[in-house]
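Trainee: pasting the sequence and the predicted model now:
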There are 2 protein chains.
Amino acid sequence: MNRQELVNLIKERKSYLCVGLDTDINKIPKHLLSHADPVFAFNKAIIDATKDIAVAYKINTAFYECLGIRGWESLQRTIEYIPKNVFTIADAKRGDIGNTSTYYAKTFFETYAFDSVTVAPYMGSDSVQPFLAFSEKWAIVLGLTSNEGSNDFQLQPAGDGLLYEQVMKKCASWGTPDNMMFVVGATQGESIANIRKLLPDHFFLVPGVGAQGGSLKEISEKGLNKDGGLLVNASRAIIFAGSDERFAEDARAVALQYQAEMGLYLNGVIQ
Amino acid sequence: MNRQELVNLIKERKSYLCVGLDTDINKIPKHLLSHADPVFAFNKAIIDATKDIAVAYKINTAFYECLGIRGWESLQRTIEYIPKNVFTIADAKRGDIGNTSTYYAKTFFETYAFDSVTVAPYMGSDSVQPFLAFSEKWAIVLGLTSNEGSNDFQLQPAGDGLLYEQVMKKCASWGTPDNMMFVVGATQGESIANIRKLLPDHFFLVPGVGAQGGSLKEISEKGLNKDGGLLVNASRAIIFAGSDERFAEDARAVALQYQAEMGLYLNGVIQ
């Protein structure tokens, strides 16, 4: 999916909601466990309940990988089931020497046909650039993450600023706002305005609202730009909103609340 | 595998050779392509030819992932086939928020029973620590990598030194030399003595000899310690030494050369 299509989708739906399919098989409603593929049965119901509200789905690959081969089967069924007009993210945090990164890019862009994949920047240019070589595909590079560990390196002094600033500036120079986004945690309230100033045009994938405690209001007021420029992810808060037969309706109800709130913030900002 | 077992293996074999199973299906001998699982057929022959020489096997997951589900089947057959007395490394460069990193650790330590997994440090403590919570399992954290992109961030000023120094010092404080190793590229000749001084006891996983041009002599002279302390990886130089029916014998011949050279460097250093 290209940038214009994504921007149009945000305008149409008045939503920049990304639903995170962090589908922990130990947390899904018990009645699904009799299905041949419980993880896919769960995802299918969540997708059906939210596919007119969300502009993106993010699949956290760890929850699939840990189930072995049947987990990858669930992942494949899920990515094939997501409507093609919604943006898809493989949250896989890959990155290696160039030769290897090319294989990771092929994995997520060709083998599974995701629109984007999250990428770890520590290994530098040749670990990131292979993800930028695919038409209408995106690298979503870790900038300033939502977790406590972001204090260990990202928020430490580096060069003439902080490490995350160096990382975001340098990585941005390898791509464009049409093929690169950044992960910016919703819990990083004070830094978000600074990051938007640093990179006025890029999309940010924002985890950390909901279970991790970040504020949708704050990230929206500081982070939205004229194209939207944000994909705010909620995982557990939506997909595990309910725990019985009505889980999909419960998920939809929470997704609708996010959409309604996002509509207010978009009003007058998006052009 | 615990540290003492690894050290004993190095002493027994007079080798600190890690064979990298970067099994690119496009590069394996053509006669294998008629096998039901060509990647495993290749790996099996390489393992049979080197299992008395190597002290470790490293599986680069990208080459398996890109084949989709059948790639994970090849990976599973391979890890199950490697003798239990040889150290195994999932070269997967994982790392995410704590909740997710726990699932990655379960993937490689429980679902696939690797001894170790490579871990990207950018997200900090809670992204690394879950890998340290498994008995006789190891996190191998990226320190100073072998690729050109290591100049972009790792070798840049940070705090009172360079970023890789901060990363290695801080990460080392979260674990011990019994459950943490570091990736140190063989191409980083000038920095290796400094790194050994910084971390006298840790094992280093060293890629970059062979195809990437690093010197086994230099990394050995500067990096070996009384326990060995190095696992030097060669992938393409060994596994693709030959390209016809004799590929496994060719691989063995190159592995024997490495072992012979390593025996010289170990002499008088290991205790």
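Mentor: Everything's here; your move. Numbering: from 1, shown residues only, chains lettered A, B, ... in the order given.
Trainee: show me which helix runs longest in chain A.
Mentor: Longest helix in chain A by number of residues (criterion: DSSP state H): helix A:247-266.
Trainee: which of the residues in that helix are buried?
Mentor: Of the residues in helix A:247-266, those with enough neighbours to count as buried (16 or more other C-beta atoms under 10 Å in any protein chain shown) are A:247-248, A:250-252, A:254-256, A:258-259, A:261-262, A:265-266. Glycine gets a C-beta too; all of them are placed from N, C-alpha and C.
Trainee: need these in a markdown table with pLDDT, can you?
Mentor: Listed next are these as a markdown table, based on pLDDT from 0 to 100:
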| residue | pLDDT |
| --- | --- |
| A:Phe247 | 98 |
| A:Ala248 | 98 |
| A:Asp250 | 98 |
| A:Ala251 | 98 |
| A:Arg252 | 98 |
| A:Val254 | 97 |
| A:Ala255 | 98 |
| A:Leu256 | 98 |
| A:Tyr258 | 97 |
| A:Gln259 | 98 |
| A:Glu261 | 97 |
| A:Met262 | 97 |
| A:Tyr265 | 97 |
| A:Leu266 | 96 |
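Trainee: tell me which helix or strand comes right after the least confident helix or strand in chain A by mean pLDDT.
Mentor: Counting by mean pLDDT, DSSP states H and E, the weakest-scoring helix or strand in chain A turns out to be helix A:189-198, with a mean of 93. Going down the chain from helix A:189-198, the next helix or strand is strand A:203-206, by DSSP states H and E.
Trainee: now for the next helix or strand after that next one, which elements pack on it?
Mentor: Sequence-wise, the next helix or strand beyond strand A:203-206 is helix A:216-223, with elements assigned using DSSP H and E. Based on contacts counted as 3 or more C-beta pairs under 8 Å, 6 or more residues apart in numbering or on different chains; DSSP states H and E, the elements that helix A:216-223 packs against are helix A:189-198, strand A:203-206, strand A:230-234, helix A:247-266.
Trainee: tell me how far the least confident helix or strand of chain A lies from the chain's centre.
Mentor: The chain centroid and the centroid of helix A:189-198 are separated by 18 Å, computed with C-alpha atoms, centre = their mean, to the nearest Å.
Trainee: quick one: list the elements packing against that helix.
Mentor: Counting by 3+ C-beta pairs under 8 Å, 6+ apart, the packing neighbours recorded for helix A:189-198 are strand A:138-144, helix A:163-174, strand A:180-184, helix A:216-223.
Trainee: let's have the ones you listed in TSV, adding mean pLDDT.
Mentor: As requested, the helices and strands packed on helix A:189-198 are exported to TSV (pLDDT from 0 to 100):
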stretch	mean pLDDT
strand A:138-144	98
helix A:163-174	98
strand A:180-184	98
helix A:216-223	95
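Trainee: Throw these into JSON lines and include mean neighbour count and distance to B:Asn2, thanks.
Mentor: Conversion of those to JSON lines gives the following (neighbours: other C-beta atoms under 10 Å in any protein chain shown; distance: least, C-beta to C-beta, whole Å):
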{"stretch": "strand A:138-144", "mean neighbour count": "27", "distance to B:Asn2": "32"}
{"stretch": "helix A:163-174", "mean neighbour count": "21", "distance to B:Asn2": "34"}
{"stretch": "strand A:180-184", "mean neighbour count": "26", "distance to B:Asn2": "36"}
{"stretch": "helix A:216-223", "mean neighbour count": "19", "distance to B:Asn2": "45"}
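Trainee: right, so of those, which gets closest to A:Ile79?
Mentor: Ranking these by proximity to A:Ile79 (C-beta to C-beta) places strand A:138-144 first, at 15.0 Å.
Trainee: so what pLDDT did A:Ala211 get?
Mentor: Looking at A:Ala211, its pLDDT stands at 72.
Trainee: next SSE downstream of the host helix or strand of A:Ala41?
Mentor: Secondary structure from DSSP H and E places A:Ala41 in helix A:38-50. Using DSSP H and E, the helix or strand that directly follows helix A:38-50 along the chain is strand A:56-60.
Trainee: and that next one, what other elements does it pack with?
Mentor: Using 3+ C-beta pairs under 8 Å, 6+ apart as the contact definition, the elements that strand A:56-60 packs against are strand A:17-21, helix A:69-81, strand A:87-94, strand A:230-234.
Trainee: hmm, A:Lys11 is touching A:Ile270, no?
Mentor: Yes - under the criterion of C-beta atoms under 8 Å, A:Lys11 lies in contact with A:Ile270, with a separation of 6.2 Å.
Trainee: common neighbours of these two, please.
Mentor: With contacts defined as C-beta atoms under 8 Å, 6 or more residues apart in numbering or on different chains, the residues shared by A:Lys11 and A:Ile270 are A:Gly228.
Trainee: pull the contacting residues for A:Phe114.
Mentor: With C-beta under 8 Å, 6+ apart, A:Phe114 has these contacts: A:Ile59, A:Ile79, A:Thr88, A:Ile89, A:Ala90, A:Phe108, A:Lys137.
Trainee: out of those residues, which is nearest to chain B?
Mentor: Relative to chain B, the closest of the contacts of A:Phe114 is A:Phe108; by C-beta to the nearest C-beta it sits at 8.6 Å.
Trainee: got a list of what the closest one touches?
Mentor: Counting by C-beta under 8 Å, 6+ apart, A:Phe108 has contacts A:Ala90, A:Ala92, A:Arg94, A:Phe114, A:Val117.
Trainee: which of those has the most neighbours?
Mentor: For the contacts of A:Phe108, neighbours were counted using other C-beta atoms under 10 Å in any protein chain shown, and A:Arg94 has the most, 28 neighbours in all.
Trainee: read off the pLDDT value for that residue.
Mentor: According to the model's per-residue confidence, A:Arg94 sits at a pLDDT of 98.
Trainee: would you mind giving the helices and strands packed on helix A:216-223 as JSON lines with distance to A:Asp24 added?
Mentor: Converted to JSON lines, those look like this (distance: least, C-beta to C-beta, whole Å):
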{"stretch": "helix A:189-198", "distance to A:Asp24": "27"}
{"stretch": "strand A:203-206", "distance to A:Asp24": "20"}
{"stretch": "strand A:230-234", "distance to A:Asp24": "15"}
{"stretch": "helix A:247-266", "distance to A:Asp24": "13"}
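Trainee: for the closest residue to A:Gly263 other than its chain neighbours, give me its contacts.
Mentor: Nearest residue to A:Gly263 in three dimensions, chain neighbours excluded: A:Lys14, at 4.1 Å (C-beta to C-beta, 6 or more residues apart in numbering or on different chains). The contact partners of A:Lys14, taken as C-beta under 8 Å, 6+ apart, are A:Gln259, A:Met262, A:Gly263, A:Leu266.
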